[in-house]
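Novice: coordinates only, sequence not included:
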């Protein structure tokens, strides 16, 4: 097991290097730092000095790969590649283009993100599975048919609609909860209810349909017939056999996104003014703060790979057929 | 003069490929059988008709022309800088004039009060009358009665057109054989019903648009209905062009990885795992941000804003495509690996077929169902994604008509008092209809093509 | 005297199926079962025999009421212990399943829940009781079905057991409630012959111990003759014969039963003329095929799985050599090695005195037409997306590229007629044909190349017996006409005995015995061969 995890971590390194090279190429090779600086300073009548000082403030004033003017290790160290890309491996995210410490920001902002994402995931999971089991119990009847059509309709509505509609209906018309904002501690709950509620509603369509198809796939298998021939009732067949088997893909599908929950949801957070990583990313994209975007790409990748390893481990826990090698 | 924008050309290629595929299906009996499954289901027919209608609008909106104008000063002909599509020309009577600002659906006045000065120098705050529509009822002065009458007239027009078509078929069949006189009526009721409803609605909306702003006007007084219709092309283009861009990558890399295996497999797997590891929004955002910087710093020689916006749309599709091929590639790799061991592939090996022939003759035809399912499944997701991307400012060019841009603009309108809801409403409604029928269609297609689908319960 | 006998029979009737009609809901609603009538007495074994699609499984599922939702019973009664099962509420039917009727299925691998331990799965079959008591009962039960280390097995999961063990667990689960009736749907079909014999013996033993009746469903007449008291033969949803087992095998009444019986013991019509012998077509010397085992992350040594270990075979022109062995014995690997579908570790393969392992490129491509192969499963050996004509033409266009279109078409016409299909078949797709017809197409595909050596990898094992016979007849006919040598691979020693001239018995990658077929069948000295021979069910 430990052997396996070690191997997986080793396997993750080339992927991280790949991602790193890709982002480096995107952010520094496609456009030179000077061009980025020019964009930030406004295109017209920018002097070379202004660009120079903008770059210097943010540490973009080095050559890309080799610094000829330095000696020793500094030939490699005093370069953009080392400063901006290699340092990410030490989780040194540097400062944002607007001068803030990215690492500090991330630490501050990941908890509000989690406070929305985790409840949304868990509540959504429970509701979707319940609905799916309900439809499967009534499979091949009108209830199931109408349920599926309803799910497809829910799926076809843009996520933006759920957010705008929910905000308008619940906050503005009914005035049940504040429309947006955030507070520390227990007070946060009143700001969290609506975004969580909306995230859950948004997920019902696709989630229920997906779980329903998983259950149906299991229910066709031969062991279900065996279970029924033992005289088990439909409900206990559904829970003890079908559910247990379908839980494997469901659980592993959830585990893989668990670490990514820290990143939060881009749109929900930005609509509700939650100071999480999602809105952080959106703000960065909208203000073209590339240092933050780079950091988030790297962080997202690490969390994703971490999720994959967790998935493999969770497989061994829930599926007796799987042994790690 | 015809103008071919970059996306137009690609869109023609897509239409051409669809045509080619239909031709191929008609000749290949077993795939035809599978498609007949789709056509036999009621949902299938309805969604195909609706989607075809959207597609038709997109096609009409993709044939662009520049109009010739006569310049009196130089006494010569020159071309307008504005590019129009065939759709614009058809709809011209409904949208050519702009109001001043917001007006709500079917209203005859602007939405906000303005100060006007009367003859005797008295200032007054009033809702000004709309200049071009809303006060020009054709059939009755009362709005409700007028709308009703318009509807009846649309119905009559529809029946007129329908009977001409009917007679055409009727005579054609009479001359061919005497037995099948009533074929047009036998021609699937559901199909005819759906088509009729769509045609009646289109005529009705057109008639109404000549008299009212059916979905109101936006901030600068443009007809919202017109904007929503123009957005169809953007939505469909993103849904299809993206897939077309990624298909070659996904298919070839997937098959190579799965069938050849070994080192090739390792490399391809590495590439798609790496791309897959980056959360897709961030990858798309990075790529588009860099594109924006590039386009800002390298002002390419665009003749006009249309081409610039068009190029941005094209690049958006490219970037979405390059980030979304990994899923399909992984599916195809798995399937090719399975097929490699199947006995008919083994049998072909004993005939000395080389890899290339086996891939073309045996692997490709047997993975196509996965490709088809993916294309239709991705379509609706991409249409929805466009709206979100535009909201984050990394979508299409702000000057391009798109539902995403409409929603983005409407965010401010929602906080107005009283709120301006119709822009948002129309964008969502149009998007909902397109995505809903695309989803229903993909359901039916998946049932027909996927050997594993739960046919017993659908 | 006669009267009392009759009375006893009526009184002890356990299950009676009366005028059962069943149909499947679809566009053209055909009746799948038509007027099924039979009855089982207590502690009697009744075999339901029929080919695929005859409706035997549907009959069984109607009794225990586990039909798919789209199946509808149109008419009839199923009377079990004086109650009509079809009119029971689902709740009461569940009680019947729990206490009186059990069922075991064909695929033990798929019939057990993969994520539940054997203990948990068995537990469901028992009434609620104290933990200790139940555990003791379960262990006793497992021991009674021949699982000796039961206390270890109960903690295992299905994937950790072999096929035979799984079927034993299934049986244990079925007899846990001491049922009055056990329905066994092809319980031995997916098992090797030696295991099959053990399972059959076990069922007979349990019948005596528990006094239960068994409804045994099979396609294999020999198996049926071993186990049953009564036989019911079904064809296309109808019962064509219903008689005592002994009488049935001595003197079948219906025409269909006669064909079935005739087909199940195959005899080659003609024997080889000796004149053609001593002219070797295939010579395999010391063939070794090793597969690399997956290396663990830190292991130093590469482990090998010896699929084929040091094997030599030789076939004369026009002769048939058979390789017989159980699953996993490596017999298919030999075929693949000869055809170049797998890497050969060591040894040489000579066809028509040419070493094919040393051949390369064009030379090999030209030579390939001399040796061809027929695969086991006619459903996966034909590309579903190609027309039959293109499938057959494929080999020609690659191996005989010099043929022009007219010649090719002529060739296709001849060969399709030679295998007994109509010319119009060339324009159809594989799915429009039945299993037997597909195997004919597969034969046509290789026959068109006019090979000297044909490797037949279990060519009939997925076909119904009557179709099996037709395909075998076709193969012998082709052999005499074209003087082709066959390498015939099979698990069925009965079949092999009647079709081959020489025979090799394989076990775990090695040939344990080789020689003239008649010598081996009649007086073998090898233990494994003896075991194989004694396990094969014979019609009594």
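Specialist: Happy to help now that I have it. The model shown is predicted, which means the values in this text are computed figures rather than measured ones.
Novice: how about the closest residue to chain C within the stretch 101-250 of chain A, secondary structure?
Specialist: For the stretch 101-250 of chain A, the residue closest to chain C is residue A:231, as judged by CB to the nearest CB, at 2.7 Å. For every residue, glycine as well, the C-beta is placed using N, CA and C. Following DSSP: H, G, I helix; E, B strand; the rest coil, residue A:231 is assigned to coil.
Novice: which residues touch it?
Specialist: C:94, C:95, C:96, C:97, C:98, C:99, C:125, C:177 (CB atoms under 8 Å, 6 or more residues apart in numbering or on different chains).
Novice: Most neighbours of all the residues you listed, which one?
Specialist: Using other CB atoms under 10 Å in any protein chain shown as the neighbour test, the contacts of residue A:231 are led by residue C:125, with 23 neighbours.
Novice: Can you tell me the SS state at it?
Specialist: coil.
Novice: Give me the neighbour count for the closest residue to it other than its chain neighbours.
Specialist: In this structure, residue C:125 finds its nearest non-sequential neighbour in residue C:176, 3.9 Å apart by CB to CB, 6 or more residues apart in numbering or on different chains. The local packing of residue C:176 (other CB under 10 Å) involves 22 other residues.
Novice: pLDDT score assigned to residue C:176?
Specialist: pLDDT, residue C:176: 88.
Novice: now the contacts of residue A:231 as TSV including distance to residue C:145 and secondary structure?
Specialist: Shown next, in TSV, are the contacts of residue A:231 (distance: CB to CB, whole Å; DSSP: H, G, I helix; E, B strand; the rest coil):
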residue	distance to residue C:145	secondary structure
C:94	24	helix
C:95	24	helix
C:96	23	helix
C:97	20	helix
C:98	19	helix
C:99	19	helix
C:125	13	coil
C:177	14	coil
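Novice: correct me, but residue B:254 touches residue B:329?
Specialist: Yes - counting by CB atoms under 8 Å, residue B:254 touches residue B:329, with 4.3 Å between them.
Novice: Mind listing the shared neighbours of these two?
Specialist: residue B:268.
Novice: Spatially nearest residue to the residue most central in space within chain A, not counting backbone neighbours?
Specialist: What sits nearest the mean C-alpha location of chain A, by CA atoms, centre = their mean, is residue A:260, with 3.9 Å. With CB to CB, 6+ apart as the criterion, residue A:260 has its nearest non-adjacent residue at 5.2 Å, and that residue is residue A:303.
Novice: in what helix or strand does the one you found lie?
Specialist: helix A:290-318 (DSSP states H and E).
Novice: quick one: average pLDDT of that helix?
Specialist: pLDDT averaged over helix A:290-318 gives 87.
Novice: do stretch A:254-273 as well
Specialist: Here the average pLDDT along stretch A:254-273 is 86.
Novice: And stretch C:100-112, by the same measure?
Specialist: Stretch C:100-112 shows a mean pLDDT of 89.
Novice: Just give the number of residues close to residue B:70.
Specialist: 9.
Novice: hmm, back to that, how about the contacts made by the residue nearest to residue C:125?
Specialist: With CB under 8 Å, 6+ apart, residue C:176 has these contacts: C:102, C:122, C:125, C:126, C:137, C:138, C:141.
Novice: could you dump those to CSV with distance to residue C:210?
Specialist: Shown next, in CSV, are those (distance: CB to CB, whole Å):
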residue, distance to residue C:210
C:102, 11
C:122, 16
C:125, 14
C:126, 16
C:137, 14
C:138, 16
C:141, 11
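Novice: Wait, a helix at residue B:353?
Specialist: No - Residue B:353 is assigned coil when assessed by three-state DSSP, not a helix.
Novice: wait, what's in contact with it?
Specialist: Here residue B:353 is in contact with B:361, C:394, C:398 (CB under 8 Å, 6+ apart).
Novice: Among those residues, which ones are in helices?
Specialist: Those of the contacts of residue B:353 mapping onto helices are C:394, C:398, per DSSP state H.
Novice: what are the phi and psi values for residue C:229?
Specialist: Dihedral pair for residue C:229: phi -90, psi -40, per degrees, to the nearest 10.
Novice: looking at it, it is touching residue C:45, isn't it?
Specialist: Yes - when contacts are counted by CB under 8 Å, residue C:229 is listed as touching residue C:45 (5.2 Å).
Novice: These two: which has the busier surroundings?
Specialist: residue C:45 (22 against 17).
Novice: Thought residue C:206 was touching the more buried one, still the case?
Specialist: No - contact criterion CB under 8 Å: residue C:45 and residue C:206 do not qualify, at 10.6 Å.
Novice: Columns secondary structure on top of the contacts of residue C:176, output as JSON lines?
Specialist: Below are the contacts of residue C:176 laid out as JSON lines (three-state DSSP):
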{"residue": "C:102", "secondary structure": "strand"}
{"residue": "C:122", "secondary structure": "helix"}
{"residue": "C:125", "secondary structure": "coil"}
{"residue": "C:126", "secondary structure": "coil"}
{"residue": "C:137", "secondary structure": "helix"}
{"residue": "C:138", "secondary structure": "helix"}
{"residue": "C:141", "secondary structure": "helix"}
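Novice: If you rank these by neighbours, which is first?
Specialist: residue C:102 leads the contacts of residue C:176 on contacts (other CB under 10 Å) with 28 neighbours.
Novice: Spit out the contact partners of the residue of the stretch 201-350 of chain B found nearest chain C.
Specialist: Here the residue of the stretch 201-350 of chain B nearest chain C is residue B:343; by CB to the nearest CB that distance is 3.9 Å. Neighbouring residues of residue B:343 by CB under 8 Å, 6+ apart: C:375, C:376, C:377, C:380, C:381.
Novice: Over to the third one. Which of the three states is it?
Specialist: By that I understand residue C:377. coil.
Novice: Three-state assignment for the residue in the stretch 1-150 of chain B positioned nearest to chain A, please.
Specialist: Of all residues in the stretch 1-150 of chain B, residue B:43 sits closest to chain A, at 8.8 Å by CB to the nearest CB. Following three-state DSSP, residue B:43 is assigned to helix.
Novice: tally of neighbours for residue 214?
Specialist: Picking chain A for this. Residues near residue A:214, counting by other CB under 10 Å, number 22.
Novice: that's the other chain; I wanted chain B
Specialist: Residue B:214: 22 neighbours (other CB under 10 Å).
Novice: Give me the residue ranges of the stretch 251-400 of chain B where confidence is low.
Specialist: Within the stretch 251-400 of chain B, the stretches with pLDDT under 70 are B:299-303.
Novice: how about the residues of it that lie near chain A?
Specialist: For the stretch 251-400 of chain B, the residues in contact with chain A (CB under 8 Å from any CB of the partner chain) are B:270-271, B:273-279, B:281-283, B:285-287, B:289-290, B:292-294, B:296-297, B:380, B:384, B:387-388, B:391-394.
Novice: Drop anything exposed from the residues you listed.
Specialist: For those, burial is judged from neighbour counts taken by 16 or more other CB atoms under 10 Å in any protein chain shown, and it is met by B:271, B:273-279, B:281-283, B:285-287, B:289-290, B:292-293, B:380, B:384, B:387-388, B:391-394.
Novice: Return the subset of those residues lying in strands.
Specialist: With DSSP state E as the criterion, strands contain none of these.
Novice: Residues of chain C that sit close to chain B?
Specialist: C:68-70, C:336, C:339-341, C:364-365, C:368, C:372-373, C:375-377, C:380-386, C:394-395, C:398-399, C:429, C:431, C:442, C:445.
Novice: Mind giving me the ChimeraX select for those, buried ones only?
Specialist: To isolate the buried subset of the residues of chain C next to chain B in ChimeraX, counting by 16+ other CB under 10 Å, use the following:
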select /C:336,339,340,341,365,368,372,373,375,376,377,380,381,382,383,385,386,394,395,398,399,429,442,445
